[in-house]
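Colleague: this one's sequence-less:
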């Protein structure tokens, strides 16, 4: 079985400062798409499966959390609704960038490597993309259903 990895393509530098008042709110995370910028991802929207340079398959997604620290453990799970098969389940540390306001952070270009032999085996399948972000004492989680398609 392949090693399943979540990769964060994060810029180097200092972590953004989050206003202390933001932690009075319940932590949330929005799941999107986008390799460079956060793009809203509607329920059952298409999400492309890419063949990576090392021969593995992955999807690219983005996060827009609020009420969490800029450095979090991110757990990603992708489950095929049709078969119940877990295509990935892993936890990795990521550093989030500043978002559109003082309480929101953002990270685009995140990769979830899938345990598949071909993009065609999951093309057209609806999967649940579930994200849990955990910092020292807060948890934000969300899920979205997307329809996988082979990248061109």
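Modeller: Perfect, I can see it now. Being a predicted model, the structure only gives us computed values, none of them experimental. Numbers count the residues shown, from 1 in each chain.
Colleague: which residues touch the nearest residue to residue 83 once chain neighbours are set aside?
Modeller: Nearest-residue entry for residue 83: residue 125, 7.6 Å, with adjacent residues in sequence omitted and distances by Cβ to Cβ, 6 or more residues apart in numbering. In this view, the C-beta of every residue, glycine as well, is placed from N, C-alpha and C. Listed by Cβ atoms under 8 Å, 6 or more residues apart in numbering, the contact partners of residue 125 are 80, 81, 82, 83, 147, 148.
Colleague: in this structure, which spans are strands?
Modeller: Secondary structure of the chain (DSSP state E): strands located at 6-7, 28-33, 39-40, 45-51, 57-66, 71-80, 86-95, 97-98, 105-114, 126-134, 139-150.
Colleague: spit out the contact partners of the residue of the chain most remote from its centre.
Modeller: Most distant from the centre of the chain: residue 21, at 25.5 Å, with distances by Cα atoms, centre = their mean. Residues near residue 21 by Cβ under 8 Å, 6+ apart: residue 103.
Colleague: now do 7 Å
Modeller: With Cβ atoms under 7 Å, 6 or more residues apart in numbering as the criterion, no residue contacts residue 21.
Colleague: what's the residue nearest to residue 83 sitting at in phi/psi?
Modeller: Dihedral angles of residue 125 (phi, psi; degrees, to the nearest 10) stand at phi -80, psi 140.
Colleague: pretty sure residue 96 sits against residue 67.
Modeller: No - taking contacts as Cβ atoms under 7 Å, residue 96 lies outside contact range of residue 67: 11.9 Å.
Colleague: so those two - more neighbours on which side?
Modeller: A direct count of neighbours by other Cβ atoms under 10 Å for residue 96 and residue 67 places residue 96 higher, at 26 against 21.
Colleague: could you find the closest non-adjacent residue to the more buried one?
Modeller: Beyond its immediate neighbours in the sequence, the residue positioned closest to residue 96 (Cβ to Cβ, 6+ apart) is residue 105, lying 3.8 Å away.
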